[in-house]
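[1] Sequence and predicted structure below; questions after.
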Amino acid sequence: AKKSQTRVLSLTSSFVFGAGVMTVLLLSLISYVFFHLFGSNTPLIIWAIVCGLLVGVGLSVWVFYYRRGKGTSLWIPRSLARHLSDRSKATKDPAEAFSLGLTSVIAEILFIIAPLSVAALVLVQLSPVWQFAGIVLYTLVSLITLLSVWVYISSGHKISDMQKWREQNKYFLQFAAGLALVILGGFVYVCKVIADTVGAM
């Protein structure tokens with residue numbers, strides 16, 4: 001049992017690392033695109049569009065994030081969901097777990113593109129040192145859930161217990177995630193778009 005627990009922890013660590021690497025790559029790519037297009041002074045209309053995207057994604061999370069019925073299957077293309085599910089169950093190699101971590105972030109791109117865009121808009125206004133710190137901070141925050149699972153497993157608990165808890169509380173988690181995005185969209189709109197517009201008058 002101890003050997004099995006060690007293997008699960010190793011696979012989980014590789015998965016989390018893969019998800020972290022892909023998050024860093026996506027955030028860096030989006031930041032580069034924004035900086036190439038707008039420099040360090042992004043037009044307010046772009047901020048407004050991203051805020052609207054945040055609210056829209058937040059509302060979509062309430063409706064679409066989990067498929068209806070039992071389980072915690074995500075609302076992503078069925079072929080991709082089936083592939084991730086099948087490979088997750090069959091994976092025995094840390095390298096494959098790492099690749100699954102990379103793929104899982106891509107699978108959720110529709111739900112994470114808005115917060116990634118906001119983070120990128122903030123990053124392009126910072127100096128290189130603070131940009132690096134911002135990328136690290138965003139990645140750690142985005143991985144809080146996965147890191148919590150890693151800590152839970154490393155403390156000797158079974159991953160099946162965590163999955164059972166997720167299934168029992170999935171609608172609360174879905175509501176909380178959607179609400180956080182809606183609040184973030186409103187906050188950024190008020191603090192950036194409205195504040196800058198009023199300040200320019």
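    Right, received. Where do you want to start?
[2] can you give me how far stretch 120-131 is from the chain middle?
    19 Å (C-alpha atoms, centre = their mean, to the nearest Å).
[3] Regarding the residue lying closest to residue 173 once chain neighbours are set aside, which helix or strand does it belong to?
    Spatial nearest neighbour of residue 173, excluding adjacent residues (C-beta to C-beta, 6 or more residues apart in numbering): residue 166 at 7.1 Å. Quick note: C-beta positions are derived from backbone N, CA and C, even for glycine. According to DSSP states H and E, residue 166 maps onto helix 159-168.
[4] before we move on, what about residue 13?
    helix 2-38.
[5] relative to helix 2-38, how tilted is the next helix or strand after that helix?
    Sequence order places helix 44-64 as the next helix or strand after helix 2-38, per DSSP H and E. Calculated by axes from the mean of the first three to the mean of the last three C-alpha atoms, to 10 degrees, helix 44-64 forms an angle of 150 degrees with helix 2-38.
[6] Mean confidence (pLDDT) on helix 44-64, please.
    For helix 44-64, mean pLDDT is 91.
[7] what do you get for stretch 169-181?
    On average, stretch 169-181 scores 86.
[8] Quick check, pLDDT for residue 72.
    47.
[9] Which secondary structure element of the protein has the lowest mean pLDDT?
    helix 78-90 (a mean of 56; mean pLDDT, DSSP states H and E).
[10] next SSE after that helix?
    helix 94-107.
[11] Looking at the protein, name the residue that lies furthest from the middle.
    Distance from the C-alpha centroid of the chain peaks at residue 201, with 36.8 Å (C-alpha atoms, centre = their mean).
[12] For residue 194, see how far away that residue is.
    11 Å (C-beta to C-beta, to the nearest Å).
[13] Show me the shaky parts of this structure.
    By pLDDT under 70, the weakly predicted segments of the chain are 1-5, 65-90.
[14] try 90
    Confidence mapping of the chain against pLDDT under 90 gives the ranges 1-15, 39-41, 60-97, 99-101, 103-104, 107-111, 128, 145-178, 193, 195-201.
[15] Give me the spatial nearest neighbour of residue 109, chain neighbours excluded.
    Using C-beta to C-beta, 6+ apart, the closest residue to residue 109 is residue 26 (7.7 Å).
[16] Return the residues in contact with the one you found.
    105, 109, 112, 116 (C-beta atoms under 8 Å, 6 or more residues apart in numbering).
[17] What is the burial count for the third one?
    Using other C-beta atoms under 10 Å, residue 112 is surrounded by 18 other residues.
[18] do the same with the first one
    In terms of burial, residue 105 registers 21 neighbours under the definition other C-beta under 10 Å.
[19] show me what contacts it?
    By C-beta under 8 Å, 6+ apart, the residues touching residue 105 are 19, 22-23, 26, 112.
[20] Give me the packing partners of the helix or strand harbouring residue 174, helices and strands only.
    With secondary structure defined by DSSP H and E, residue 174 is part of helix 170-188. Secondary-structure packing of helix 170-188 (3 or more C-beta pairs under 8 Å, 6 or more residues apart in numbering; DSSP states H and E): helix 44-64, helix 109-123.
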